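**Student:** sequence and predicted model, in that order:
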Amino acid sequence: MSSPLLDSLNPEQLAAVTLPAASALILAGAGSGKTRVLTTRIAWLLATGQATPQSVLAVTFTNKAAREMLLRLSALTPLNTRGMWIGTFHGLCNRMLRAHHREAKLPALFQIIDTQDQLSLLKRLYKAHGIDDTRFPVRQLQWFIADAKEEGRRPNMVEASDDFTRQQVEHYALYEAMCQREGVVDFAELLLRSYELLTDHEALREHYRQRFSHILVDEFQDTNTLQYRWLRLLTGPETTVFAVGDDDQSIYAFRGAKVAHMQRFERDFATAARPVKLIRLERNYRSHGHILDAANALIRHNQARLGKELWTSEEKGEPIRAFVAASDVDEAAFAVDVVRALTADGLPLDEVALLYRSNAQSRVFEHALFGAGIPYRVHGGMRFFERAEVKHALAYLRLVAAADDDGAFLRVVNFPPRGIGARTQEQLQALAQRHGGSLAQATVSGAATGKAGAALTAFGRLLAKLRDEASVLPLPAAVEHVIHASGLVAHYAAEKDGQDRVDNLTELVTAATAFVREAGLDPDAPCVAPAVPTSEPSGEDASVAAIAPLPGFLAHAALEAGDTQAADGKAALQLMTVHAAKGLEFHTVFVTGLEEGLFPHENSLAAADGLEEERRLMYVAITRARRRLYLTLAQQRMLHGQLRYGIPSRFVSELPPGLVQWLPSAYGRMTAGETVERRARTTRAAPAASPWRIGQSVRHAKFGVGVIVDAEGGGNDARVQVNFRDAGVKWLALDYAKLEAA
DNA sequence: AAATGTGGAATTTTT
DNA sequence: TTCCACATTT
């Protein structure tokens, strides 16, 4: 069969895409065209009539991957992709629970809480029940609960052989009761509820089993116990599961992922008539030969593998460069020098990535890059929907959607400040507890007295007013209304450094507009009325579609935290952890901090599969590079305020010596411009250097003269810390503060 | 309610 | 060292 769809697939890819109806495990190596195979498989199933959009369920781990899949799929098929269930595990479970909230014993407008919300809920739980947070650290309980849920265990199913565990189980049970009372659901709960829904309701289970004849799973090596069991539950006798993964890139064991699922898959998903097919995608389209040789050689040191060897028809390429720096500072200086030379040769900055094992390592690099005026972007950190001001706005919106949301209530009852202090809040909570109602109810019913009582009554009126006014507006207008009427915008506008926060609040309106558009909702529908998307097929999915814009948006905000920071368009050097780099690729990659104890990290050595997971992490790091790979380490570095002497990582010596070119190591003692890297190429135009340097004297219109003592953030976000002679030490955003050299 | 001080911890992270 | 949460002070 020939079809443009299948053109230019290699034989293994073609075999995977056109596999006959049977479950299959696709061992897809790094850079082997995994997403392409996944999307083409779906398109092929549709094109050959083996599947309809309604019968496809494709699940990923991240929203980004889901978006990517949807985007590429819509280019491959003329069919409408809207009927398909494509999304993250959590997104799909949410969808299912919304549709069957009664059977799942959830309120129609259940709210999803993120880890932050969960933590504050736990703290309230501790207060209400007088739990000692020194004996039971909140974080530990949070972990305990998530871990239990991810193993599919309710409190009565957790084995407790000691007192401590027994008490944690009690806390777990109290937490569950509290969530249920408040109508909130945490991330793990989405999966567990959905799993139990399918277990307890045979008719529903059968419905979905028959509906989804094709289940496709991305990043299969990352599935945790509950996700795996969820998939098995959805798999009926007629279902085929197409699982794509790479056991060598399994790097999330610490959050419950189990590579062993890949081995179990062949057993668990085979039927008598149809054994599981296994296909290896080993041809790599990303990297030059030496890079792949290094990756292959490294990963061969792992014992527990399904086995796979990457190859390419491309040339061997350059050798891998390795560099021993005298210190962490010199390591950064080396990177800066090389990056300068590379960009001078015309390599776009965003084609270069600096990878490290732990976030703390970024600091030294940021320092050096700032000093050199090289724009950079640090991945990780605060995401859009996690920002305090955005969460405040979302809390008001949550109260519009569901008045009895105590978590949201407490978040904003005194924000912006309105004279409702801790004591008043405690009284209110006690009152609510006596009446067995929510805080919002207590606000209305409580015989409020005095100044605090008046403030409370006023707040109650504000909430009622917001609800009346916002609920009839279309979503974006409702958001716009709430951020103003709540007083949030005015509050931040009055703050001296509040402009960013005001901008983020405005951005929330934009996000709401985008949400309405992307979800295919009626842009004029009132945000709280049940709305039917314009293009969703009716019938069995009607209940799914009947979610109003506002609750939909709130779920979206919880499930998709958004970007760390919007890319500002300028090319910037990419700084991130190795974990964050998974799935990405760059022309040039620096793998830094290759010292024993750091990479492999000392904390990982105690874990069962710890060292092998670290090695897989190194494998991921190496395979990010297309053309050029630098491995660097420092003989000494500052760690936790202490000078530490490092010895080279075993991972470096596990590479074939012939592949590695060691660069002269006396960098710290050489003057700038004398390294081999620099000598090899004549430096032409350096990147537009920032005029600011640490140690430089500056003048500020208001604060007078001072000296730059620190800096952070690249490009438009760059900030400097200035020690002013008279005004003291201040952080200033370069984009706003008009500094001049002094 | 903001400002200041103190103690403890410091892999990796998506949803 | 540096960041954070939390407590105390003003």
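**Tutor:** Thanks, I have the structure now.

**Student:** rest of the way, CA atoms for contacts and neighbours
**Tutor:** Will do.

**Student:** near DNA strand B, which residues of the stretch 201-350 of chain A show up?
**Tutor:** Within the stretch 201-350 of chain A, the positions near DNA strand B by C-alpha under 7 Å from any atom of the strand are A:252, A:254-255.

**Student:** what lies in contact with stretch A:242-251?
**Tutor:** Taking contacts as C-alpha atoms under 8 Å, 6 or more residues apart in numbering, the residues outside stretch A:242-251 that touch it are A:23-30, A:34, A:38, A:214-222, A:257, A:259, A:262, A:299, A:305-306, A:579, A:613-614, A:616-617, A:619-620.

**Student:** now stretch A:462-473
**Tutor:** A:399-401, A:477-479, A:481-482, A:485-486, A:524-529.

**Student:** which among the residues you listed count as buried?
**Tutor:** Buried by 16 or more other C-alpha atoms under 10 Å: A:399-401, A:477-479, A:481-482, A:485-486, A:525-529, out of the contacts of stretch A:462-473.

**Student:** residues from the stretch 601-742 of chain A in reach of DNA strand C?
**Tutor:** Contacts of the stretch 601-742 of chain A with DNA strand C, taken as C-alpha under 7 Å from any atom of the strand, map to A:638-642.

**Student:** so after the one helix or strand in chain A whose mean pLDDT sits lowest, what's the next helix or strand?
**Tutor:** Taking mean pLDDT, DSSP states H and E as the measure, chain A has helix A:676-680 as its least confident helix or strand, at a mean of 34. Later in the chain than helix A:676-680, the nearest helix or strand by DSSP states H and E is strand A:697-700.

**Student:** average pLDDT across that next one?
**Tutor:** Throughout strand A:697-700, pLDDT has a mean value of 76.

**Student:** same question, stretch A:332-351
**Tutor:** So the average pLDDT for stretch A:332-351 ends up being 95.

**Student:** what's the answer for stretch A:101-113, then?
**Tutor:** 94.

**Student:** please apply the same query to stretch A:598-606.
**Tutor:** Averaged across stretch A:598-606, pLDDT comes to 93.

**Student:** restricted to buried residues, select the residues of the stretch 201-350 of chain A next to DNA strand B in PyMOL.
**Tutor:** One line in PyMOL is enough to select the buried ones among those; burial here means 16+ other C-alpha under 10 Å:
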select buried, chain A and resi 252
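
**Student:** show me which of the residues of the stretch 201-350 of chain A next to DNA strand B is closest to residue A:284.
**Tutor:** Taking C-alpha to C-alpha as the measure, residue A:284 lies nearest residue A:252 of those, at 23.0 Å.

**Student:** any idea of the pLDDT on that closest one?
**Tutor:** 95.

**Student:** that one contacts residue A:222, correct?
**Tutor:** Yes. Assessed by C-alpha atoms under 8 Å, residue A:252 is found in contact with residue A:222 at 6.4 Å.

**Student:** tell me which parts of chain A are close to DNA strand B?
**Tutor:** A:61-64, A:88-91, A:114-115, A:187-188, A:252, A:254-255, A:357-360, A:380, A:414, A:417-421, A:559-562, A:576-577, A:579-580, A:601, A:603-604, A:640-641.

**Student:** tell me the buried residues within the residues you listed.
**Tutor:** Buried, going by 16+ other C-alpha under 10 Å: A:61-63, A:88-91, A:114, A:187-188, A:252, A:357, A:359, A:414, A:419-420, A:559-562, A:576-577, A:579, A:601, A:604, out of these.

**Student:** which members of those occur in helices, if any?
**Tutor:** A:63, A:89-91, A:187-188, A:559, A:579 (DSSP state H).

**Student:** in the stretch 401-550 of chain A, where is pLDDT below threshold?
**Tutor:** Scanning the stretch 401-550 of chain A for pLDDT under 70 picks out A:446-452, A:530-546.

**Student:** which stretches of it form helices?
**Tutor:** For the stretch 401-550 of chain A, helices defined by DSSP state H, counting those that start in this stretch occupy the ranges A:406-412, A:422-435, A:439-445, A:450-471, A:475-485, A:488-494, A:499-518, A:542-545, A:549-559.

**Student:** export the ones you listed to TSV and tack on distance to residue A:369?
**Tutor:** TSV is the format used below for the helices of the stretch 401-550 of chain A (distance: least, C-alpha to C-alpha, whole Å):
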stretch	distance to residue A:369
helix A:406-412	38
helix A:422-435	45
helix A:439-445	50
helix A:450-471	47
helix A:475-485	38
helix A:488-494	32
helix A:499-518	24
helix A:542-545	49
helix A:549-559	33
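
**Student:** right, so of the ones you listed, which gets closest to residue A:344?
**Tutor:** helix A:499-518 (33.9 Å).

**Student:** in three-state terms, label the closest residue to residue A:383 other than its chain neighbours for me.
**Tutor:** Excluding the flanking residues, the one nearest residue A:383 by C-alpha to C-alpha, 6 or more residues apart in numbering is residue A:564, at 4.2 Å. Under DSSP: H, G, I helix; E, B strand; the rest coil, the three-state class of residue A:564 is coil.

**Student:** for the one 10 residues further on, same thing?
**Tutor:** Classification of residue A:574 by three-state DSSP places it in strand.

**Student:** what's the burial count for the nearest residue to it once chain neighbours are set aside?
**Tutor:** Distances taken as C-alpha to C-alpha, 6+ apart place residue A:353 nearest to residue A:574, at 4.6 Å, with adjacent residues excluded. The tally of other residues near residue A:353 (other C-alpha atoms under 10 Å) stands at 28.

**Student:** how near is residue A:353 to residue A:70?
**Tutor:** Separation of residue A:353 from residue A:70 (C-alpha to C-alpha, to the nearest Å): 27 Å.

**Student:** beta-bridge partners for residue A:278, please?
**Tutor:** residue A:25 (DSSP bridges).

**Student:** contact partners for it?
**Tutor:** Listed by C-alpha under 8 Å, 6+ apart, the contact partners of residue A:278 are A:24-27.

**Student:** for those residues, give me CSV that also has pLDDT, neighbour count and distance to residue A:15.
**Tutor:** Shown next, in CSV, are the contacts of residue A:278 (pLDDT from 0 to 100; neighbours: other C-alpha atoms under 10 Å; distance: C-alpha to C-alpha, whole Å):
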residue, pLDDT, neighbour count, distance to residue A:15
A:24, 95, 25, 11
A:25, 96, 24, 12
A:26, 96, 26, 10
A:27, 96, 25, 13
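
**Student:** name the element the nearest residue to residue A:505 once chain neighbours are set aside belongs to?
**Tutor:** Leaving aside its sequence neighbours, residue A:505 sits nearest to residue A:390 (C-alpha to C-alpha, 6+ apart; 6.1 Å). Following DSSP H and E, the helix or strand that holds residue A:390 is helix A:388-401.

**Student:** need the buried ones from the contacts of stretch A:242-251 selected in PyMOL.
**Tutor:** Buried members of the contacts of stretch A:242-251, defined by 16+ other C-alpha under 10 Å, are picked up in PyMOL with:
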select buried, chain A and resi 23+24+25+26+27+28+29+30+34+38+214+215+216+217+218+219+220+221+222+257+259+262+299+305+579+613+614+616+617+619+620
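
**Student:** narrow the contacts of stretch A:242-251 to those in helices?
**Tutor:** A:34, A:38, A:262, A:299, A:579, A:613-614, A:616-617, A:619-620.
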